[in-house]
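*Asks:* Below is the sequence, then the predicted model.
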Amino acid sequence: MKWANGLLSRNDNGAFKPDFSVYNISDSIKCVVLIAEFKPTEKNSNVESDLVKLAKQMKEILNKLIINGVMKPKVCGIHCEGENVQTYVMDIPSPRLYRIINTSKIKLFKNLDQMSLLPNVIKHLLCLKEVALETATKIEATSLYSHSNLKRPASNPPVNWLSSGNVVLSRTPKKQKKNKLFFYYID
């Protein structure tokens, strides 16, 4: 785990620094599986929203995992603004289509009178933990395969599905599934 000092990667947009990250160290390689952005309610970003920042960081992490040969990885994200927490999972279902799914919306409690919210908070965070553990297990399997075969496994999804280009946001219609967001990246 790491707090705000961690530099995630460098690209044309500058450096991404998540407020918090959880990673797996396998074979001396640090693989991030979950990141989080935190902001008090009264603070607004004029440059870009924390959700957009979170999605861009999740995309970079997903690209790295796929390049390293991790099979069908998923990256977790947490966006916390004041007492409102939303959790996300990102994967890549088809070429250059990065899908980010809002898995839960949680309200944090401010005082002991609201302590009844705690089980709900824990339940949703445990679900996110399961997705992160699944990816961490895949990272370990990739590392073991690399050691025993002296090469990385073939990427699944293929590396040519990845994009490093600009983003276009497209939302799924509410009637289909209300929690899905799609980010399509164009080279």
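*Replies:* On my side now, so go ahead. Numbering: from 1, shown residues only.
*Asks:* Now do the same contact list for the closest residue to D91 other than its chain neighbours.
*Replies:* Distance criterion C-beta to C-beta, 6 or more residues apart in numbering; nearest residue to D91, sequence neighbours excluded, is K74 at 4.8 Å. Where C-beta positions appear, they are placed from N, C-alpha and C, glycine not excepted. Residues near K74 by C-beta atoms under 8 Å, 6 or more residues apart in numbering: L62, V89, M90, D91, V131, E134, T135.
*Asks:* at 7 Å instead, please
*Replies:* Contact partners of K74, counting by C-beta atoms under 7 Å, 6 or more residues apart in numbering, are V89, M90, D91, V131, E134, T135.
*Asks:* what's the answer for P73, then?
*Replies:* By C-beta under 7 Å, 6+ apart, the contact set of P73 is L62, L65, I66, T135, K138.
*Asks:* now the residues you listed in JSON lines, with secondary structure and pLDDT?
*Replies:* Shown next, in JSON lines, are those (DSSP: H, G, I helix; E, B strand; the rest coil; pLDDT from 0 to 100):
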{"residue": "L62", "secondary structure": "helix", "pLDDT": "95"}
{"residue": "L65", "secondary structure": "helix", "pLDDT": "94"}
{"residue": "I66", "secondary structure": "helix", "pLDDT": "95"}
{"residue": "T135", "secondary structure": "helix", "pLDDT": "96"}
{"residue": "K138", "secondary structure": "helix", "pLDDT": "95"}
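*Asks:* And the strands in the protein?
*Replies:* Counting by DSSP state E, the chain has strands at residues 2-3, 9-11, 14-16, 20-26, 29-39, 75-81, 84-94, 97-107, 166-171, 180-186.
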